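Undergrad: Mind folding the following:
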Amino acid sequence: MTEQLQHIDQKLLDILGTVSDPEIPVLSIMDMGVVRSVKVVNDIVEVEITPTYSGCPAMDVIGDDIKKAFKEKGFESKVSLVLSPAWTTDWITPKGRAELEKYGIAAPLSAEADKDALLGNKKLVKCPQCGSTNTKLISQFGSTACKALFKCEDCLEPFDYFKCLK
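TA: Now for the predicted structure:
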């Protein structure tokens with residue numbers, strides 16, 4: 001790969017890094033892991049994105065925000081949805097997981113731990129406010145379909161838990 005191409009690729013990635021997830025604005029779409037590919041074809045930046053779950057209403061907004069970000073930097077762009085392989089919470093970057101916690105949303109656990117946590121069998125979900133695992137499931141459905149509502153039994157604060165999706 002030429003140095004010039006590396007520079008262009010990094011510039012494209014940097015632009016994508018400025019596009020926030022509309023439902024979790026502290027995370028970029030890069031940190032959420034929804035960007036599958038980015039390339040330039042015939043002077044058009046082509047971006048492929050994968051929804052966090054089928055029917056995610058944020059994907060139209062994300063597509064528009066990607067086009068706007070590239071237009072502001074002088075690029076024409078095209079955004080396509082890629083449904084396979086399906087998005088998984090494993091694609092959230094370590095930085096993204098840390099940002100979720102700082103924002104007040106508990107980061108997803110492993111698939112097996114998630115099942116136990118959502119059945120209320122074990123206290124595994126860590127409170128993003130105080131760090132305690134003395135937490136209780138309030139509802140399997142939180143502020144969005146991909147989150148569950150928990151309450152910390154120590155600091156008494158409610159919080160969202162980003163459910164593990166595989």
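Undergrad: Show me where this structure has its helices.
TA: Secondary structure of the chain (DSSP state H): helices at 3-16, 29-32, 58-72, 94-103, 111-119.
Undergrad: what would the ones you listed look like in CSV with distance to residue 39, mean neighbour count and mean pLDDT?
TA: Bear in mind the C-beta positions are built from the backbone N, C-alpha and C, glycine included. Formatted as CSV, the helices of the chain follow (distance: least, CB to CB, whole Å; neighbours: other CB atoms under 10 Å; pLDDT from 0 to 100):
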stretch, distance to residue 39, mean neighbour count, mean pLDDT
helix 3-16, 8, 13, 72
helix 29-32, 15, 23, 95
helix 58-72, 13, 17, 96
helix 94-103, 23, 16, 95
helix 111-119, 31, 16, 81
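Undergrad: Compile the ones you listed into CSV and extend it with columns for distance to residue 83.
TA: Shown next, in CSV, are those (distance: least, CB to CB, whole Å):
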stretch, distance to residue 83
helix 3-16, 19
helix 29-32, 16
helix 58-72, 11
helix 94-103, 21
helix 111-119, 20
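Undergrad: Out of those helices, which gets nearest to residue 126?
TA: helix 94-103 (8.0 Å; CB to CB).
Undergrad: so what secondary structure elements neighbour that closest one?
TA: When contacts are defined as 3 or more CB pairs under 8 Å, 6 or more residues apart in numbering; DSSP states H and E, helix 94-103 sits against helix 29-32.
Undergrad: Other residues contacting the helix it packs on?
TA: Outside helix 29-32, the residues that touch it by CB atoms under 8 Å, 6 or more residues apart in numbering are 13, 16-17, 19-21, 24, 35, 49, 52, 62, 66, 91-93, 95-96, 99.
Undergrad: Repeat the analysis, applying 7 Å as the threshold.
TA: By CB atoms under 7 Å, 6 or more residues apart in numbering, the list of residues contacting helix 29-32 from outside reads 13, 16-17, 19, 21, 35, 49, 52, 62, 92-93, 95-96, 99.
Undergrad: where's the residue nearest to the spatial centre of the chain relative to residue 14, distance?
TA: Compute the mean C-alpha point of the chain, and by CA atoms, centre = their mean the closest residue is residue 32, 2.7 Å away. Distance, residue 32 to residue 14, by CB to CB, to the nearest Å: 16 Å.
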